[in-house]
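Student: the amino acid sequence is not available; the structure is as follows:
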């Protein structure tokens, strides 16, 4: 008997031996091994940046709703076409909220605070998926009492309403708060409760949260450090005092762009489009176009507050606009 014949016989014997078992299994109905969990794990991502350690904390997803009303001066068909071309739903835009914690070795710095729960039901104006910053911060091993400095890109609800809790107590009892003086004045002035309906809750929320830290405020200035290695860059329009922050350690620079661009497709492909939550939409578009050109030219890394989790990547020039190149996440540890 040849070796080929022996192998054939052995294979046949194995098939025959398995037949009763396969037959038995085939006659039993399939059963689910476990129920769906319908929950998300804590969302944080940690990495080394030069001599610093950085941790991105999620405040949860922020559903913007139908995208067309958010871009009132833009052709609806073009909005839909760009979203579908990026394999995104054309009838519902969802933004992330990526909060940076920077450990410089001397200070623990938090950039923006998310929606929080300081304003009761109004804190959920964008739905129940926001306000996750504190639980994710603690899951990442960071306690709010450890924060030395909170740096605000601007004073909108999803950036400063996490400064206090529902009772008005400081969430970060040992922290100073850095913000532009013009944003502080604008968003605590009741005379600005005009125009869009959101202005009244936005101002009420800013007043409650910022007033708790009035004795420990730092006024940021364009081109000046707010902390060693952290420089404020004026990028007005989204709010009157909106700033982005360039973070440098060693020969590396990363720019926390705040709300320079809310959407990684629409406002990169079309940087001159106007956005409905901008205080001055035309000035915002000019700041966005100018800063994106600088970021693409200098090839600096970016942390974007509202881009897909965790908001890390680069922008590159692409025709009249830009492409978003997300940075691969290092899941094996710090890198």
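Tutor: Yes, it's here. What you see is a predicted model; the values in this text were computed from it and never measured. Numbers count the residues shown, from 1 in each chain.
Student: mind listing the helices for this structure?
Tutor: 3-26, 67-70, 76-85, 133-139, 157-160, 181-186, 199-211, 266-269, 281-298 (DSSP state H).
Student: any chance of those helices in CSV, plus distance to residue 329 and mean pLDDT?
Tutor: Just so you know, the C-beta spots here come from the backbone N, C-alpha and C atoms, and that holds for glycine as well. Output for the helices of the chain, formatted as CSV (distance: least, Cβ to Cβ, whole Å; pLDDT from 0 to 100):
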stretch, distance to residue 329, mean pLDDT
helix 3-26, 39, 46
helix 67-70, 26, 94
helix 76-85, 24, 97
helix 133-139, 16, 98
helix 157-160, 23, 98
helix 181-186, 32, 98
helix 199-211, 31, 98
helix 266-269, 20, 98
helix 281-298, 21, 98
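Student: can you say which of the ones you listed is nearest to residue 248?
Tutor: Nearest of the helices of the chain to residue 248, taken as Cβ to Cβ: helix 281-298 at 11.7 Å.
Student: in the closest one, what counts as buried?
Tutor: 281, 283-289, 291-292, 295-296 (16 or more other Cβ atoms under 10 Å).
Student: before we move on, what about stretch 123-130?
Tutor: Those would be 123, 125-126, 129-130, for stretch 123-130 by 16+ other Cβ under 10 Å.
Student: that one: end-to-end distance?
Tutor: 8 Å (Cα to Cα, to the nearest Å).
Student: for it, what is the average pLDDT?
Tutor: In this model, stretch 123-130 has an average pLDDT of 95.
Student: what does it contact?
Tutor: 59-64, 97, 114-117, 131, 157-158, 161, 198, 201 (Cβ atoms under 8 Å, 6 or more residues apart in numbering).
Student: filter those down to just the ones in strands.
Tutor: Of the positions in the contacts of stretch 123-130, 62-64 sit in strands, assigned by DSSP state E.
Student: can you redo the residues you listed as a markdown table with distance to residue 172 and neighbour count?
Tutor: Below are the ones in strands among the contacts of stretch 123-130 laid out as a markdown table (distance: Cβ to Cβ, whole Å; neighbours: other Cβ atoms under 10 Å):
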| residue | distance to residue 172 | neighbour count |
| --- | --- | --- |
| 62 | 21 | 21 |
| 63 | 27 | 14 |
| 64 | 27 | 18 |
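Student: let me see the contact set for residue 120.
Tutor: By Cβ under 8 Å, 6+ apart, the contact list for residue 120 reads residue 166.
Student: for residue 324, see how far away it is.
Tutor: 35 Å (Cβ to Cβ, to the nearest Å).
Student: again, but for residue 217
Tutor: Distance of residue 217 to residue 324, given as Cβ to Cβ: 34 Å.
Student: higher neighbour count, these two?
Tutor: residue 324 (22 against 15; other Cβ atoms under 10 Å).
Student: show me what contacts the nearest residue to residue 218 once chain neighbours are set aside?
Tutor: Spatial nearest neighbour of residue 218, chain neighbours left out: residue 178 (4.2 Å); criterion: Cβ to Cβ, 6 or more residues apart in numbering. Residues near residue 178 by Cβ under 8 Å, 6+ apart: 149-152, 217-220, 226-227, 232.
Student: tell me the most buried of the helices of the chain?
Tutor: Among these, ranked by average contacts under mean count of other Cβ atoms under 10 Å, first place goes to helix 157-160 (a mean of 28).
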